[in-house]
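Colleague: Just to be clear, the model below is a prediction. Sequence and coordinates:
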Amino acid sequence: MKFMSSLNSLRALDALARCGGIRAAAQDLGVVPGAVRQQLAALEDHFGVALVNRDGGRVTLNANGRRLADAVAVAFGIISRAAEEITSGGHRYRLRLGVPMPMASDWLMPRMARMQSQLTSLDVDIVPVDVRRSLSDMMDIDALIVGGEYKPLPDIDATPFMDDAFGPVHAPLAPQTSGKEAGMEALTALVARDVGYLWDDWFHESGHAPIRFPKRLEIADLTLALSAARNGLGVTIAPFASVERDIDRGLLVAPAGFVSRPVGFRFCCRMADRDDKPIASLRAWLCEEGRKHDQGAEKLRKSAE
């Protein structure tokens, strides 16, 4: 197979993986659906194995196709970054950094201006991601910030950069409420479905006896659960990094304090990218920011209890 035709076939495979269907892949590539089908068939002929499942008019990747598409996505990402470095004179780099919400808005965004002023050769695109996602299933993400509960795979380099403490938070109670824990026990438990394990983790890691709340309300994600807590709808569990500004402003209180996880927040990247200049620069910046944050965080955490 000639190089250019091989490249076009790999582009078709990558588009199918990203877009989920032949028609969407064709639109992404600016060709007709038949051209995508032809390129996929040529790729299968070249390797001598099936790469897609064909069910009537629907075409999806099989296990072989997904494995090859993952490798192609990584390779295309490397090529794209190299091309960007060349065309920008080697002075600017762009990274896509996945960050769980609400940490992206409450911890990282307030520091973005400082990041931009200090990392002058680096453009960082912040991509909010689900806390359950990993770099293995997000090929368009270069690096990822994760909390202490995350377990990176062996092919991922994970560098701790900041303490990860978490605990129950709610809006300040009315003055007549007596006893901090008694007040919390009388509230509705707000359970964020995307981190539904945090309540169990907190009871286990804090040594606090489980609480029988009068009511339990499930909410789609932690961002909405925190909004509900701020508005007096109940108490939820959250990482300190996601609520420290609210605590500092008096919008939330922490009735039982915060418990630090054995492993803190980590900056994750693929092993192949670990020593790349953009990745190394961002890692170093996060480590310094995390160090400064941890120095001042303990005092604020204690004042919230």
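Modeller: On my side now, so go ahead.

Colleague: need the helices for this protein, in chain order.
Modeller: 3-19, 22-29, 33-47, 63-87, 103, 112-118, 180-185, 198-206, 222-230, 240-248, 277-304 (DSSP state H).

Colleague: Could you identify which of those has the lowest mean pLDDT?
Modeller: Mean pLDDT per stretch puts helix 180-185 lowest among those, at a mean of 66.

Colleague: still on that earlier bit, got TSV for the helices of the chain, with mean neighbour count and distance to residue 212 too?
Modeller: For every residue, glycine as well, the C-beta is placed using N, CA and C. TSV is the format used below for those (neighbours: other C-beta atoms under 10 Å; distance: least, C-beta to C-beta, whole Å):
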stretch	mean neighbour count	distance to residue 212
helix 3-19	18	47
helix 22-29	18	49
helix 33-47	17	57
helix 63-87	14	45
helix 103	23	30
helix 112-118	12	42
helix 180-185	16	8
helix 198-206	17	12
helix 222-230	22	19
helix 240-248	21	24
helix 277-304	16	24
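
Colleague: Dump the ones you listed into TSV; add distance to residue 166 as well.
Modeller: TSV is the format used below for these (distance: least, C-beta to C-beta, whole Å):
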stretch	distance to residue 166
helix 3-19	34
helix 22-29	39
helix 33-47	46
helix 63-87	33
helix 103	11
helix 112-118	23
helix 180-185	15
helix 198-206	6
helix 222-230	11
helix 240-248	6
helix 277-304	11
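
Colleague: Figure out which of those is closest to residue 259.
Modeller: helix 198-206 (4.5 Å; C-beta to C-beta).

Colleague: Residue 121: how many residues sit nearby?
Modeller: Residue 121 is surrounded by 13 other residues when neighbours are defined as other C-beta atoms under 10 Å.

Colleague: Now it: phi and psi?
Modeller: Summarising the backbone geometry of residue 121 under the convention degrees, to the nearest 10, its torsions are phi -100, psi 10.

Colleague: how much space between the nearest residue to residue 20 once chain neighbours are set aside and residue 71?
Modeller: Once flanking residues are discounted, residue 20 sits nearest to residue 60: 7.9 Å by C-beta to C-beta, 6 or more residues apart in numbering. Applying C-beta to C-beta, to the nearest Å, the value for residue 60 to residue 71 is 18 Å.

Colleague: What of residue 127?
Modeller: As judged by C-beta to C-beta, residue 127 and residue 71 stand 22 Å apart.

Colleague: And residue 174, by the same measure?
Modeller: Here residue 174 is placed at a distance of 59 Å from residue 71 (C-beta to C-beta).
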